[in-house]
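Colleague: Fold the following for me, if possible:
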Amino acid sequence: MPNACKLFSILFCAVLVSVFASFSFAQSKPPIAKGPKLCVAQSANSSNQPVFADDIKTSLYQSMLQAGLNADDTPTATMLASKLDMSYKNEFVAKRLHCDYVLLSEIASAPAKAGAGSAGQLRLDFALFKRNHPKAVLEGSEDAPQTAKLTDGFLAITPKVAAKVAAAIPSK
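Modeller: So this is what the prediction gives:
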């Protein structure tokens, strides 16, 4: 009986070690890109529509990584205001995390165009700020295509936003 217990213990430990090893590889982050660090803030939603801002932020972050940027999924959020601007908390987090740039974004209702019948059209406004600079380096907007699920329209445009942001950030 003691030999069976020893064998069981050895097998159990071997399985446990292999599970932890595979889990640690699955949890590893993608390779860090070189260049200025870009912190991606949580998207704000001023559209009064059921759009999942968390999904938009995750998609923006993933798109920035795929564009080759040194992006960071930052624990800060875009504040709703008349225009996209850095808040005190955004500045604080950017300094603490050594971010060279901060991307703010807002899910907004697009203004109705005369005769275009675009009522209900949504867009993603975005602004790229360099740390310690009050004026945005890049401001833009992308119209979200109308889809059955509103969030899906935004997920489709995040690569376009990432391409514009990547073009605005100089490589070191």
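
Colleague: pLDDT below threshold where in this structure?
Modeller: Along the chain, the model assigns pLDDT under 70 to residues 1-33, 112-120, 172.

Colleague: contacts for stretch 149-168?
Modeller: With contact meaning CB atoms under 8 Å, 6 or more residues apart in numbering, stretch 149-168 is reached by 38, 49-52, 55-56, 59-60, 62-64, 66-69, 103, 105, 107, 122, 124, 126, 128, 137-138, 140, 142-147. Using the backbone N, CA and C atoms, a C-beta is placed for each residue, glycine as well.

Colleague: Among the residues you listed, name the buried ones.
Modeller: 38, 51-52, 55-56, 59-60, 62-64, 67, 69, 103, 105, 107, 122, 124, 126, 128, 138, 140, 142, 144 (16 or more other CB atoms under 10 Å).

Colleague: Of these, which belong to strands?
Modeller: With DSSP state E as the criterion, strands contain 38, 103, 105, 107, 122, 124, 126, 128, 138, 140, 142 from among the buried ones among the contacts of stretch 149-168.

Colleague: Which two of those residues have the greatest separation?
Modeller: Farthest apart among these by CB to CB are Leu38 and Leu122. That separation is 24.2 Å.

Colleague: Nearest the geometric middle of the protein, what residue?
Modeller: Tyr61 (2.9 Å; CA atoms, centre = their mean).
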